[in-house]
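Engineer: Starting from these lines, generate the structure:
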Amino acid sequence: MSAPPPAATGGAGGGGGDLRAGSPDDPVEFGPYWLLGLIARGGMAEVFRARFKEDRSRLYAIKCMRPQLAKERRFVEMFEREAEVAKLLQEPSRHSTIVEFIESGQVDGKWFITMEYVGGKDLTQILRKCQEQNQRIPVPHACYITAMIAEGLHHAHTRADGDGAPLSIVNRDVSPSNVRISYDGDVKLLDFGIVQGRVLKPPSEIGILKGKFSYMSPEQIRGMPLDARSDIFSTGIILHEMLTTEKLFRSDTEFALMEKVRKAEVPPPSKFNRRVPEALDKIALKALARDLGDRYQSAEELAVDLKQLLKGYGFNPEEIREQVRSLFRSDFNKETAEVAACLKAAVVPPTPPPALVDEANTAQVTMPPEKPEPPPEPAPGPGRASLWDKLRSKLRKG
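Structural biologist: Predicted structure coming up:
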């Protein structure tokens with residue numbers, strides 16, 4: 001999703017139009033929530049900051065489907081499916097890398113998913129900032145981030161149904177834009193919207209993954225059946241790019257790009273970054289092996305090897321927090337101020353109607369609405385009684 005334009009304010013909007021984003025100064029009512037600003041806007045959905053009306057202790061992210069897409073059943077099914085997968089990944093427990101799912105449903109015909117709010121930057125933004133400042137992500141940071149991605153994926157890959165049968169979940173969209181690093185140093189996998197699994201028929205990739213061929217596995221490019229090892233290859237691409245600050249697979253045309261991914265001819269990261277040790281070269285190249293049998297067979301194996309390597313660095317996860325805040329100092333300060341404003345926003349409830357007190361039993365009685373004034377009587381014509389005079393005369397006689 002792209003960064004939002006300045007947030008609109010006002011009511012939630014009616015009919016089939018987009019929701020108004022609200023702000024801390026002008027919250028927008030949305031079911032049990034107050035919308036407090038737009039976070040991001042994409043082709044399929046918008047994401048808003050929000051909080052429950054009665055709770056100022058925590059913010060949430062509410063993802064709302066664009067109203068024009070809700071008219072087509074296939075998009076609604078995709079959205080419902082994303083919520084179903086998000087819920088599956090919480091049970092019976094949730095890995096810290098998986099974004100917390102709160103609830104999903106409809107408000108005034110608008111489909112939404114409520115998730116934990118994660119303030120920070122995705123890896124695409126972080127890599128771009130490093131390039132702009134002629135920096136690299138430190139080697140231990142890249143190892144830690146990749147290990148956390150791998151652990152989150154292993155959690156998803158090993159989910160089972162109520163009878164213990166594996167669900168065989170495959171993410172199919174592991175890419176830097178779907179990995180968020182919070183300002184507190186947490187690593188989060190954002191999107192399981194196009195997963196496949198034993199009980200989850202995958203949606204069509206047409207139009208969804210276009211532009212993400214650079215992060216597909218060779219078997220995914222070729223349209224072959226996928227398992228967890230496809231996600232491991234995609235994770236290996238992310239590791240390689242964090243170590244080198246260079247795109248691993250790129251070309252002038254989509255066809256040429258897809259051919260490069262299919263061949264999977266990968267140079268060791270140390271060719272671009274002399275700080276990469278031989279042991280890490282081996283880990284990256286094993287994750288990026290073209291043949292499935294030569295690749296890591298589980299994401300957990302990849303995470304274990306990376307964490308073992310990290311022991312030699314004396315790494316502290318708090319270093320991730322400091323690096324992200326340092327790279328995006330002004331954005332972090334702005335985010336901190338905006339979150340504080342959202343939590344402090346004083347939302348004034350609608351004024352209730354005045355009440356009467358029954359002096360006999362002190363019971364409170366709601367004041368009925370005032371009756372409208374009757375219309376003025378029409379002036380009678382010459383020599384003729386008005387209609388109101390005639391009605392009154394009949395009533396008196398009756």
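
Engineer: wait, Lys110 sits on Met65?
Structural biologist: Yes: shown here, Lys110 and Met65 form a contact pair, counting by Cβ atoms under 8 Å, at 7.1 Å. Where C-beta positions appear, they are placed from N, C-alpha and C, glycine not excepted.

Engineer: hang on, Ala61 in a strand?
Structural biologist: Yes: counting by DSSP: H, G, I helix; E, B strand; the rest coil, Ala61 is part of a strand.

Engineer: and it, what does it touch?
Structural biologist: Neighbour list for Ala61: Ile39, Val47, Phe48, Arg49, Ala50, Thr114, Met115, Glu116, Tyr117, Val118 [criterion: Cβ atoms under 8 Å, 6 or more residues apart in numbering].

Engineer: Looking at those, which gets the smallest pLDDT?
Structural biologist: Lowest-confidence member of the contacts of Ala61: Ile39, scoring 91 (pLDDT).

Engineer: these two touch, right, that one and Ala50?
Structural biologist: No: between Ile39 and Ala50 there is no contact under Cβ under 8 Å: 9.7 Å.

Engineer: Tell me which of the two has more neighbours.
Structural biologist: Ala50 (27 against 21; other Cβ atoms under 10 Å).

Engineer: so that one, which of the three states?
Structural biologist: Ala50 ends up strand, using three-state DSSP.

Engineer: Now do it against Gly105, distance only.
Structural biologist: Distance of Ala50 to Gly105, computed by Cβ to Cβ, to the nearest Å: 14 Å.

Engineer: low pLDDT regions in the stretch 151-300 of the chain?
Structural biologist: Applying pLDDT under 70 to the stretch 151-300 of the chain picks out residues 193-211.

Engineer: hey, where'd the strands end up in this structure?
Structural biologist: 28-30, 33-41, 45-52, 60-65, 101-107, 110-116, 120-122, 179-182, 187-189, 355-357, 364-366 (DSSP state E).

Engineer: weakest of those by average pLDDT?
Structural biologist: When I compare the strands of the chain, strand 364-366 is least confident, with a mean of 50.

Engineer: phi, psi of the nearest residue to Ala289 once chain neighbours are set aside?
Structural biologist: The spatially closest residue to Ala289, leaving aside those adjacent along the chain, is Arg295, at 4.2 Å (Cβ to Cβ, 6 or more residues apart in numbering). Dihedral pair for Arg295: phi -90, psi 160, per degrees, to the nearest 10.

Engineer: isn't Arg295 right next to Ile283, touching?
Structural biologist: No: with contact defined as Cβ under 8 Å, Arg295 and Ile283 do not form a contacting pair (11.5 Å).

Engineer: Compare these two and say which is more crowded by neighbours.
Structural biologist: In this view Arg295 and Ile283 are compared by other Cβ under 10 Å, and Ile283 has more residues nearby, 24 against 21.

Engineer: how about the helices in the chain?
Structural biologist: Shown for the chain, the helices assigned by DSSP state H span residues 73-88, 123-132, 139-157, 218-221, 228-244, 254-263, 278-287, 299-310, 318-327, 329-344, 387-397.

Engineer: Quick check: Glu300 touching Ala147?
Structural biologist: No: with contact defined as Cβ under 8 Å, Glu300 does not count as touching Ala147 (10.1 Å).

Engineer: More neighbours: which of the two?
Structural biologist: Ala147 (24 against 17).

Engineer: and the closest residue to the more buried one other than its chain neighbours, what pLDDT?
Structural biologist: Leaving aside its sequence neighbours, Ala147 sits nearest to Leu306 (Cβ to Cβ, 6+ apart; 4.1 Å). As predicted, Leu306 sits at a pLDDT of 98.
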